[in-house]
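> The following comprises the amino acid sequence and a computationally predicted model.
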Amino acid sequence: MLTLKNVSQTFFPNTVNERKALRDINLHLDAGDFVTIIGSNGAGKSTVLNAIAGKIRQDQGSIDIDGKEVSKLGDDKRAQFVGRVFQDPMAGTAPNLTIEENMSLAERRGMSRGLGMAVNEAKRKRYREELASLELGLENRLKAKVGLLSGGQRQALSLLMATFSEPKILLLDEHTAALDPQRAELVTRLTKEIVDRHKLTTLMVTHNMAQALEVGNRLIMMHEGQIILDVSPEQKSGMCAQDLLDEFGKIKGGQLSDRTLLQ
Ligand SMILES: Nc1ncnc2c1ncn2[C@@H]1O[C@H](COP(=O)(O)OP(=O)(O)OP(=O)(O)O)[C@@H](O)[C@H]1O
């Protein structure tokens with residue numbers, strides 16, 4: 001479903017600020033794979049997601065989604081088949097529009113302009129059903145402005161909006177990191193349910209090793225622009241956070257504290 005071949009990206013090449021963000025990344029996800037990505041700050045995690053979403057054009061290499069090379073498509077075109085949720089609950093929704101207007105826009109993402117926000121009864125019924133699955137009571141607040149929702153509610157809505165047109169690839173970029181523990185747990189649970197229900201092929205970046213082990217069927221670890229560890233479903237099920245730190249230590253040598261990997 002997703003294949004990255006020899007993908008490299010250098011920001012500000014040949015200057016004092018040169019950053020080799022991705023170094024020859026090779027990654028393949030089968031349909032339905034749910035892969036979590038962990039790694040230190042600046043490892044290249046968000047840059048991988050940006051390259052897949054078309055936010056940046058990688059310098060080298062190819063990206064195939066569902067058998068189609070997408071490197072030449074901009075992010076607006078890729079939005080038809082790539083859903084994304086960001087860390088910032090404000091990023092995925094428009095605060096001054098109502099819940100139903102936001103959902104209508106999300107439904108039409110990547111399509112030509114037109115009656116973007118028009119909502120009829122049939123749509124409303126569908127939105128209510130979708131919102132009811134979140135169990136947050138939002139199905140009764142279709143006409144409420146999204147700016148009035150809590151961070152957790154907005155992030156749950158962003159997740160729903162990113163997934164209800166069943167994207168080929170779902171990208172989650174630390175989407176629970178800005179929430180308090182209780183809301184983060186709720187959004188993590190909803191993520192598992194939604195991904196499972198729609199059988200979405202998913203990449204999720206997280207700094208939380210427990211979460212990276214708890215969700216998804218595969219885990220990759222990045223460091224300095226490379227994938228240094230790819231944990232198979234069989235290995236992942238028996239692993240704990242300390243095992244991940246030990247693996248990192250073995251690959252990179254020396255002792256490593258939890259903080260180093262997490263920060
Ligand atoms: N648009 C950009 N312009 C210049 N440099 C960038 C840009 N985006 C990322 N970088 C640099 O590329 C490297 C990888 O950054 P990236 O954001 O992908 O890391 P990350 O693993 O997501 O880190 P974090 O966990 O801190 O969010 C870093 O050195 C970063 O400063």
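Yes, it's here.
> and Gly32, what is it in contact with?
Applying C-beta atoms under 8 Å, 6 or more residues apart in numbering to Gly32 gives the contacts Met1, Lys199, Leu200, Thr201. Every C-beta, even on glycine, is put in place using the N, C-alpha and C of the backbone.
> Of all pairs in the residues you listed, which one is the farthest apart?
Farthest-apart pair in those is Met1 and Lys199; separation 10.5 Å (C-beta to C-beta).
> ok, these two, which is more surrounded?
Using other C-beta atoms under 10 Å, the more surrounded residue of Met1 and Lys199 is Met1, with 16 against 11.
> So what touches stretch 174-189?
Contacting residues not belonging to stretch 174-189 are listed as 85-89, 150-152, 155-156, 158-159, 191, 204-208, 211, 214-215 [C-beta under 8 Å, 6+ apart].
> so Arg218 touches Leu229, yeah?
No. Counting by C-beta atoms under 8 Å, Arg218 stays clear of Leu229, with 10.8 Å between them.
> Close to the ligand: what parts of the stretch 51-200 of the chain are there?
Contact residues, the stretch 51-200 of the chain versus the ligand (C-beta under 6 Å from any ligand atom): none.
> which stretch of helix or strand covers the residue in the stretch 51-200 of the chain that the ligand sits nearest to?
Using C-beta to the nearest ligand atom, Ile56 is the residue of the stretch 51-200 of the chain that sits closest to the ligand, at 6.7 Å. Secondary structure assignment for Ile56, by DSSP states H and E: no helix or strand.
> Repeat that for Arg154.
Element membership of Arg154 [criterion: DSSP H and E] is helix 151-163.
> For the stretch 101-250 of the chain, which segments are assigned as helices?
121-132, 151-163, 181-198, 209-214, 233-237, 241-252 (DSSP state H, counting those that start in this stretch).
> Tell me which of those helices sits most buried.
Among these, ranked by average contacts under mean count of other C-beta atoms under 10 Å, first place goes to helix 151-163 (a mean of 24).
> Show me what that helix is packed against.
Here helix 151-163 touches strand 82-85, helix 99-107, helix 121-132, helix 181-198, going by 3 or more C-beta pairs under 8 Å, 6 or more residues apart in numbering; DSSP states H and E.
> The third one - what's its average pLDDT?
Taken as a whole, helix 121-132 has a mean pLDDT of 92.
> returning to what we had before: what about the contacts of Gly32, which are in strands?
Thr201 (DSSP state E).
> Let me know the closest of the contacts of Gly32 to Leu244.
Among the contacts of Gly32, and counting by C-beta to C-beta, the member closest to Leu244 is Thr201, at 22.9 Å.
> May I have the predicted confidence score for the nearest residue to the closest one once chain neighbours are set aside?
Distances taken as C-beta to C-beta, 6 or more residues apart in numbering place Met1 nearest to Thr201, at 4.4 Å, with adjacent residues excluded. Met1 carries a pLDDT value of 95.
> With adjacent residues omitted, what lies nearest to the most centrally placed residue in the chain?
The residue lying closest to the centre of the chain (C-alpha atoms, centre = their mean) is Leu172, at 1.5 Å. Counting by C-beta to C-beta, 6+ apart, the nearest residue to Leu172 once its immediate chain neighbours are dropped is Met204, at 4.0 Å.
> least trustworthy helix or strand in this structure by mean pLDDT?
helix 258-262 (a mean of 52; mean pLDDT, DSSP states H and E).
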